[in-house]
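# sequence isn't available, so here's the structure alone:
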């Protein structure tokens, strides 16, 4: 495993830090002694072949699973001991879209606003959905939307979540080229605003300040 | 508190969008309890005697039907992961889901019980005791059941395994719930039964949401 672009500013203290992470699945060690840090305004692209442990790494970083060895630090504190303040700042999107098929896209957004403890007015939620081309579909059950449209609902959630760190597992799946552009722009805006993005993708990404972690 | 109400609201909304799943459990309760008078015949004394046991066993089985739904749908579509990662207390969210399950699968049984009781020729006093006992007992069924539902998350053939885990744990509720009604019909004091049911409810309320939350986290990991 190598981290490309090692000349990234080391002097700035990393906001999110992985220390000696070891992940074992079954009998096999996916990675051992993996350490890196990410500061505000950086995007980390975790790349590698299928089954190399990209999703496992993202789950460790989000706190969904615990590493065999090592720890993940947020702002100098372990995400296990200080998990609430970390989860306040965290948006994680996994393989599954985590939308309730029986609810409308608007209801899904509002449900997540309650879950994530963020204030979200109905006008705001609607405006965000419209921004992603879902005008006229906000009252349809999510089961009636296409895979790409569901991804667009998720993009709306990325905005309304107001999180500092985004952990995205294959966010470009099922998106048309137009939506890929929109998502790239969204990620760039987030980085410019001092956020952190960690993502996996099989596409080459053109994002300023991108670092690549090859597993 | 907001999160608790929010999750209850969400779960009830989801149930309203897919009513058939819940109605199945309720119809199961009505049909099973109606089969007994039909099968046994019009022996009033016998029916009165078996009524508490039959109604309680049917209540246990029909709550069981809805249990799998507490977590499995959210587990399958990834929403449960989002709940674990939410800044809200996960225990509170789990508690909300259990409350929603009781409102959907437990409370209707309490409401239906007097109508079912009439089929068994129960008198007004026994019906009152039955309703009170169900009111105290069915939340315990939802609470204990949530542990089974959480432990069998993601397990193939989980629902059968869940029944095997949960049903033995239901025995105390069954004994004291049905016992209260029986004691009332033979003129014994029922306060002991109700105290024990109340104690079970308080104990379950205090500990079960934590246990279920831990079990769900293990399943997700």
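Done, it's in. Being a predicted model, the structure only gives us computed values, none of them experimental. Numbering: from 1, shown residues only, chains lettered A, B, ... in the order given.

# next, the buried residues of the lengthiest helix in chain B.
Longest helix in chain B, counting residues (DSSP state H): helix B:191-220. For helix B:191-220, burial by neighbour count (16 or more other CB atoms under 10 Å in any protein chain shown) applies to B:193-194, B:196-197, B:200-201, B:204, B:208-209, B:211-213, B:215-217, B:219-220. For glycine as for every other residue, the C-beta is placed from the backbone atoms N, C-alpha and C.

# out of these, which touch chain A?
Contacts with chain A within those, counted by CB under 8 Å from any CB of the partner chain: residue B:220.

# tell me the residues of chain B that contact chain A?
Counting by CB under 8 Å from any CB, the residues of chain B close to chain A are B:2-3, B:6-7, B:10, B:13-14, B:17-18, B:76-79, B:81-88, B:93, B:220-221.

# which ones among these lie within helices?
Using DSSP H, the residues of chain B next to chain A in helices are B:2-3, B:6-7, B:10, B:13-14, B:17, B:76, B:79, B:81-85, B:93, B:220.

# could you say what helices and strands the longest helix of chain B packs with?
helix B:72-76, helix B:79-85, helix B:90-101, helix B:124-151, helix B:158-185 (3 or more CB pairs under 8 Å, 6 or more residues apart in numbering or on different chains; DSSP states H and E).

# turn those into CSV, columns for mean neighbour count and mean pLDDT.
Converted to CSV, these look like this (neighbours: other CB atoms under 10 Å in any protein chain shown; pLDDT from 0 to 100):
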stretch, mean neighbour count, mean pLDDT
helix B:72-76, 18, 92
helix B:79-85, 22, 93
helix B:90-101, 23, 95
helix B:124-151, 23, 95
helix B:158-185, 19, 93
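
# among the ones you listed, which comes closest to residue A:24?
helix B:79-85 (20.9 Å; CB to CB).

# for that closest one, the distance to its chain's centre please.
Averaging C-alpha positions (CA atoms, centre = their mean, to the nearest Å) puts helix B:79-85 24 Å from its chain's average.

# buried set for the helix or strand hosting residue B:66?
Element membership for residue B:66 (DSSP states H and E) is helix B:44-67. By 16+ other CB under 10 Å, the buried positions in helix B:44-67 come out as B:47-48, B:50-67.

# same deal with stretch A:107-126?
Under the neighbour-count rule (16+ other CB under 10 Å), stretch A:107-126 has A:107-116, A:120, A:125-126 buried.

# now residue A:187. Nearest residue, chain neighbours left out?
residue A:197 (5.3 Å; CB to CB, 6 or more residues apart in numbering or on different chains).

# A strand includes that neighbour, no?
Yes - according to DSSP: H, G, I helix; E, B strand; the rest coil, residue A:197 belongs to a strand.

# so what's it bridging to?
Residue A:197 has the following beta-bridge partners by DSSP bridges: residue A:43, residue A:166.

# follow-up on the earlier one: now the helices and strands packed on helix B:191-220 in JSON lines, with distance to residue A:88?
Formatted as JSON lines, the helices and strands packed on helix B:191-220 follow (distance: least, CB to CB, whole Å):
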{"stretch": "helix B:72-76", "distance to residue A:88": "21"}
{"stretch": "helix B:79-85", "distance to residue A:88": "10"}
{"stretch": "helix B:90-101", "distance to residue A:88": "14"}
{"stretch": "helix B:124-151", "distance to residue A:88": "25"}
{"stretch": "helix B:158-185", "distance to residue A:88": "33"}
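
# least confident secondary structure element in chain A?
Within chain A, no helix or strand scores below strand A:2-3, which has a mean of 55 by mean pLDDT, DSSP states H and E.

# any stretches of chain A with poor pLDDT?
A:1-12 (pLDDT under 70).

# list the contacts for the residue nearest the centre of it?
Closest to where the C-alpha atoms of chain A average out (CA atoms, centre = their mean) is residue A:167, at 2.1 Å. Residue A:167 sits next to A:58, A:61-62, A:90-93, A:198-199 when contact means CB atoms under 8 Å, 6 or more residues apart in numbering or on different chains.

# these also near chain B: which ones?
By CB under 8 Å from any CB, the members of the contacts of residue A:167 lying near chain B are A:62, A:90, A:92.

# need the residues of chain A near chain B, please.
A:62-66, A:84, A:87-88, A:90, A:92, A:94-103, A:107, A:111-112, A:114-117, A:141.

# write the PyMOL selection for whichever of these are buried.
A single PyMOL command is used to select the members of the residues of chain A next to chain B judged buried by 16+ other CB under 10 Å:
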select buried, chain A and resi 62+63+64+87+90+92+94+97+98+99+100+101+102+103+107+111+112+114+115+116+141
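
# tell me which of the residues of chain A next to chain B fall in strands.
With strands taken from DSSP state E, the overlap with those comprises A:90, A:92.
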